[in-house]
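**Q** one predicted model, sequence on top.
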Amino acid sequence: MTTLRGMTWDHPRGKAPLLALAGRSGTTGTTTVEWSARSLQAFADHPLEELADSYDLLVLDHPHIPLAAGQELLVPLDETGHGDELDRLAAESVGASFSSYQHGDHVWALALDAAAQVSVHRPDLIADLPASWDDVLELAGEGRVLWPLKPVDAMSSFLTLAAQHGEPVCSRPGTFVRRELGLAVLDLMHRLADRVDRGCHGYNPIDVVERLATEDAWCYAPLVFGYVSYSRPGFRPHRLAYRDVPVGPRGTAGSCLGGAGIAVSAHSAERDTAVDVAFWLASAAIQRGEYYWEGGQPANAIAWEDPEVNADSLDFFAGTRATLEGASVRPRHAGWIALQEVVGDLVHAALACQLSDDACLDRLDAERERLLGGPEPEEMAP
């Protein structure tokens, strides 16, 4: 029996299926994985090179890929003799989940978990969902809406709304976002922030769905990263239903893509075995089977289309599929990880009226130039 070490993130969605599958990983069942878990923030803050030195398998989000590729920390999975499987997984991708782990002509991770910003509601408290952002503002004016506005979530909502209302950020060389568009997005965010509970400025998506699932004061959130755990029977006192984002000028297109991929450390002493396990976990059979039923949120489209999976989750997957298919990938640049933290702080400050909208956009342009420099336009393509 071969034993590998893996690192994932500390939430039932991120660790429960991996722990359940740990003892029989791989097609032959001769591999076990000892999984460790840390919070998403702790994972993001910990140097990738240290994690790659300590673990064979890494669960990470796609913005880390350019940095990891540049430091040669991960195994390029397209050079491991799994070409047919890669083609199959690319065809079974939900939106850009598969391609988000590609960089520099290589595939550095396999989509294990697919997510984007979607809407969520309490089906026992609201029947007619807001269709447009004007509808969301009206419902928020009744005091029935929550919206996560911690800096990283304020950043994610800004990215979603910019892409939905015009164009993704950093899609024009030399600027973070076109001024007119940036001001329009911040105006919409101000109007919504003024109508939700002030506590939202300190909430992340988990905080929001916990309150929706356990309290009756609110019934809806327009932009949260989907967590299928809250749609499952028995997870919390009330089940939540996830649906597509409110419609903007580009329909439901433009939502900020999240999710997680599984990568193999370039320093692994059991590289081939770890690669086999990664492909096994990403396969349609595992994703629609044990991975979902043990608590995961699969990335494989075969799982997303499975009738039993959807029946068990209040149509979590069918109800958000259009949003995922049109989701926008964050800039493909090694400096983006540092920049997105700054973006979150600046947008959060603007929403708290600690910074004017014009000053916020000026600083976003300056920070983009400082941290990203002047890459070729195709590097910045969503």
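**A** Noted; the coordinates are in hand.
**Q** domain-wise, how is this protein divided?
**A** Split into domains by automatic domain parsing, the chain comes to 2-114+258-313, 117-256+315-382.
**Q** turn those domains into TSV, columns for mean neighbour count.
**A** In this view, the C-beta of every residue, glycine as well, is placed from N, C-alpha and C. As requested, those are arranged in TSV below (neighbours: other Cβ atoms under 10 Å):
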stretch	mean neighbour count
domain 2-114+258-313	20
domain 117-256+315-382	19
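**Q** redo the ones you listed as TSV? Include mean pLDDT.
**A** Output for the domains of the chain, formatted as TSV (pLDDT from 0 to 100):
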stretch	mean pLDDT
domain 2-114+258-313	94
domain 117-256+315-382	94
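**Q** ranges for the strands of the stretch 201-350 of the chain?
**A** Counting by DSSP state E, counting those that start in this stretch, the stretch 201-350 of the chain has strands at residues 220-225, 241-243, 260-264.
**Q** who's in contact with the longest one?
**A** So that's strand 220-225. 115-122, 126, 129-130, 133, 136, 139, 144-148, 156-157, 160, 192, 205, 208-209, 212, 245-246, 255, 258 (Cβ atoms under 8 Å, 6 or more residues apart in numbering).
**Q** starting at the chain centroid, how far to that strand?
**A** For strand 220-225, the separation from the chain centroid amounts to 13 Å (computed by Cα atoms, centre = their mean, to the nearest Å).
**Q** distance of Glu92 relative to Ala301?
**A** Applying Cβ to Cβ, to the nearest Å, the value for Glu92 to Ala301 is 5 Å.
**Q** scratch that, Ser97 is what I was asking about
**A** Distance from Ser97 to Ala301, by Cβ to Cβ: 9 Å.
**Q** equivalent analysis for Gly289, please.
**A** Gly289 sits at a distance of 15 Å from Ala301 (criterion: Cβ to Cβ).
**Q** can you check Arg38 too?
**A** Taking Cβ to Cβ, one finds Arg38 at 29 Å from Ala301.
**Q** ok, for the one residue sitting closest to the centre of the chain, nearest residue in space, not its chain neighbours?
**A** Most central in the chain under Cα atoms, centre = their mean is Gly258, positioned 1.4 Å from the mean C-alpha point. Nearest-residue entry for Gly258: Ala115, 4.1 Å, with adjacent residues in sequence omitted and distances by Cβ to Cβ, 6 or more residues apart in numbering.
**Q** ok, now which ones touch the one you found?
**A** Per Cβ under 8 Å, 6+ apart, neighbours of Ala115: Phe225, Gly226, Tyr227, Leu257, Gly258, Gly259, Ala260, Gln297, Leu324.
**Q** now, those that are in helices?
**A** Leu324 (DSSP state H).
**Q** can you tell me which two in the contacts of Ala115 are farthest apart?
**A** Tyr227 and Leu257 (15.3 Å; Cβ to Cβ).
**Q** of the contacts of Ala115, closest to Ala352?
**A** Using Cβ to Cβ, these come closest to Ala352 at Phe225, 21.8 Å.
**Q** ok, that closest one to Arg239 distance?
**A** Distance from Phe225 to Arg239, by Cβ to Cβ: 18 Å.
**Q** just checking, Val169 touches Arg178?
**A** No. In this structure Val169 lies outside contact range of Arg178 using Cβ atoms under 8 Å: 9.4 Å.
**Q** ok, back up a step: list just the nearest of the contacts of Ala115 to Glu49.
**A** Distance to Glu49 across these (Cβ to Cβ) is lowest for Ala260, with 19.3 Å.
**Q** in contact with the nearest residue to the closest one once chain neighbours are set aside, which residues?
**A** Nearest non-adjacent residue to Ala260, counting by Cβ to Cβ, 6+ apart: Asp113, 4.2 Å away. When contacts are counted by Cβ under 8 Å, 6+ apart, Asp113 touches Arg13, Gly14, Val59, Gly259, Ala260, Gly261, Gly296, Gln297, Pro298, Ala299.
**Q** what's the answer for Arg5, then?
**A** Taking Cβ under 8 Å, 6+ apart, one finds Val33, Glu34, Ser36, Ser54, Tyr55, Asp56, Leu57 in contact with Arg5.
**Q** okay, the strands of the stretch 201-350 of the chain in a markdown table with distance to Gly344 next?
**A** Formatted as a markdown table, the strands of the stretch 201-350 of the chain follow (distance: least, Cβ to Cβ, whole Å):
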| stretch | distance to Gly344 |
| --- | --- |
| strand 220-225 | 14 |
| strand 241-243 | 23 |
| strand 260-264 | 19 |
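**Q** ok, which of those comes nearest Ala42?
**A** strand 260-264 (14.5 Å).
**Q** who does the closest one pair with, and is each partner parallel or antiparallel?
**A** strand 57-60 (antiparallel), strand 110-113 (antiparallel) (DSSP bridges).
**Q** in a helix, Trp35, correct?
**A** No. Using DSSP: H, G, I helix; E, B strand; the rest coil, the assignment for Trp35 is strand, not a helix.
**Q** so it touches Thr3, yeah?
**A** No. Counting by Cβ under 8 Å, Trp35 does not reach Thr3; the two are 11.3 Å apart.
**Q** would Asp365 count as being in a helix?
**A** Yes. Under three-state DSSP, Asp365 falls within a helix.
**Q** now do the contacts for the spatially closest residue to Ser99 that is not a sequence neighbour.
**A** Nearest residue to Ser99, sequence neighbours excluded (Cβ to Cβ, 6+ apart): Ser93, at 6.9 Å. Going by Cβ under 8 Å, 6+ apart, Ser93 touches Ser99, Ala111, Ala299, Asn300, Ala301.
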